[in-house]
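1. all I have is the shape, not the residue letters:
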DNA sequence: AAACCGAAGTTGTATGGCCAACACCTCGTT
DNA sequence: AACGAGGTGTTGGCCATACAACTTCGGTTT
């Protein structure tokens, strides 16, 4: 169990203080020097902590004045965005899930490119339905490359959190790229989500990679609209959000 | 014209080198020490540059080994995400736009909260239709608080880029928070976008703030689906993306 | 052949320092 | 009252150093 570095612990404390309105929205944070003294660390360490808050959009920062608290920002950690089950629990819902179908297939074009595997390789395709407190919420089509698939395959179909299982198995997720757009439900979507064919769904395509940059999964999640939204923060300091133009018959479907 | 700091220039060079496949996808970057020597700067400066690439998802980084190039990542800068016109031009389309309606109104609940203004204050509401190379693409409902609205109001209705005009006027955007979900077209959407009432649209609600944390605009953009997608990168290092649960009759409409 | 060990290389964490750029306030001048 | 100059406080940029934690690889032992 590696101890959290100091700058992360300090960031956590500041995050909590902000959440409790210790400085109020629009209020000013103490200066870096003051914080350094309070926590008995150097200014550099304080700056590292504040960087985290800045990237999450909790505070601004500009030369000359103290940092300003932006808002009670909707910050979750990486793990919560990564795992449907964890997210569901954090909003007070009961997550549930069931594998509808799974099996090994030769990788198609998109899978080869997304998972960076050779033409011959196999992938494990899993079709999974996710519930929020009993109601269908999302249909998930995930492709796992050989090594990860071998871990996922034997899991019982009603495993609530595959992500959490993989973590315990030593599979660490470090990066994820999400593409969000809109699609119309096909027959399979309609059947399992309980909507009509052609009904609009919010689609999130996601590729996750491990700390070494090796792709771990490629997934296409389709959410019933009305109860889900994606929130992104970007700033001059970091611009993780981009708009994408697709030609009418865009591949990578 | 302030000179770009060194770490940003170095990041730009590395970005370009990666784009030209100088290290190849899955390849390894030179060590921090080697880069520091090459650019004749300290390791700290190199690390600042590499942080930028890491947040954008171009490279991984973990203790013990050299950084790995993740992919030709879809990176645009903040300005391109911020301005519809700039984005359109960057993908080779001709942006166009026209104000359909605009006028001052007392701020409603959502506007008061989003723009952090007092109950009595006025906002300038602008309804704007955006075209991509002649075809309707997006309908934009923006609310500007008093000072910004006063700058926007006198603009000619066919101003292509309001954002670029505001920049020249000294209005700087530093932060933006985006909420992406799905809505069905109302009568007004249908009329101007040329779709049917009830057709699904991709909605992006956006609040931008200046470097001091003062809200500059609150906008609700509705995109015709099929040609637009939002791409987000997140990682252990920074988690700007969150999932949000909305109660059926969520306010903040 | 497999497992273990250790050395070398690399990134992460933290300290300390210095100056520049900028915001903000005060005070004095106009 | 309006304006401008200057001083103070604060963050940004950059440097140098030291050690810790980790990966990788080669060699050794089992």
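-> That came through fine. No experiment lies behind these values; they were computed from the predicted model shown.
2. what's around residue A:84, how many residues?
-> Neighbour count for residue A:84, taken as other Cβ atoms under 10 Å in any protein chain shown: 25. For the C-beta atoms, the positions are set from N, CA and C on the backbone; glycine is no exception.
3. any idea how far the residue nearest to it when sequence neighbours are not counted is from residue A:83?
-> Distances taken as Cβ to Cβ, 6 or more residues apart in numbering or on different chains put residue A:130 closest to residue A:84, at 5.5 Å, once the chain neighbours are dropped. Residue A:130 is 11 Å from residue A:83, where distance means Cβ to Cβ, to the nearest Å.
4. who does the one residue in chain A that gets nearest to chain B form a beta bridge with?
-> Nearest residue of chain A to chain B, counting by Cβ to the nearest Cβ: residue A:200, 3.2 Å away. Here residue A:200 sits in beta bridges with residue A:184, as judged by DSSP bridges.
5. from what I can see it touches residue A:190, true?
-> No - under the criterion of Cβ atoms under 8 Å, residue A:200 makes no contact with residue A:190, lying 11.8 Å away.
6. between the two, which one's more packed in?
-> Using other Cβ under 10 Å, the more surrounded residue of residue A:200 and residue A:190 is residue A:200, with 21 against 17.
7. and for whichever residue of the stretch 51-200 of chain A sits closest to DNA strand C, the neighbour number?
-> Closest to DNA strand C within the stretch 51-200 of chain A is residue A:64: 2.5 Å, counting by Cβ to the nearest atom of the strand. Residues within reach of residue A:64, counting by other Cβ under 10 Å, total 5.
8. and what about it, helix, strand or coil?
-> coil (DSSP: H, G, I helix; E, B strand; the rest coil).
9. residues from the stretch 151-253 of chain A in reach of chain B?
-> For the stretch 151-253 of chain A, the residues in contact with chain B (Cβ under 8 Å from any Cβ of the partner chain) are A:174-182, A:184, A:200-202, A:209, A:211-213, A:225-236, A:238-248.
10. redo that, cut-off 7 Å
-> Residues of the stretch 151-253 of chain A lying close to chain B (Cβ under 7 Å from any Cβ of the partner chain) are A:174-182, A:200, A:202, A:209, A:211-213, A:225-236, A:238-246, A:248.
11. need the contact list for the closest residue to DNA strand C within the stretch 101-250 of chain A.
-> Among all residues of the stretch 101-250 of chain A, residue A:211 sits closest to DNA strand C, at 9.3 Å; criterion: Cβ to the nearest atom of the strand. Counting by Cβ atoms under 7 Å, 6 or more residues apart in numbering or on different chains, residue A:211 touches A:172, A:174, B:60, B:62.
12. I figured the third one was touching residue B:70, is that so?
-> Yes - in this structure, residue B:60 is within contact of residue B:70 by Cβ atoms under 7 Å, at 6.0 Å.
13. just the helices in chain A please.
-> In chain A, the segments counted as helices under DSSP state H are A:6-19, A:32-39, A:43-55, A:78-82, A:84-90, A:109-115, A:146-152, A:162-168, A:187-193.
14. got the angle between the third one and helix B:43-55?
-> To tie it back to what came earlier, the one meant is helix A:43-55. 20 degrees (axes from the mean of the first three to the mean of the last three Cα atoms, to 10 degrees).
15. just the buried residues of helix A:43-55, please?
-> A:45, A:46, A:48, A:49, A:50, A:51, A:52, A:53, A:54, A:55 (16 or more other Cβ atoms under 10 Å in any protein chain shown).
16. alright, that wraps it up for me.
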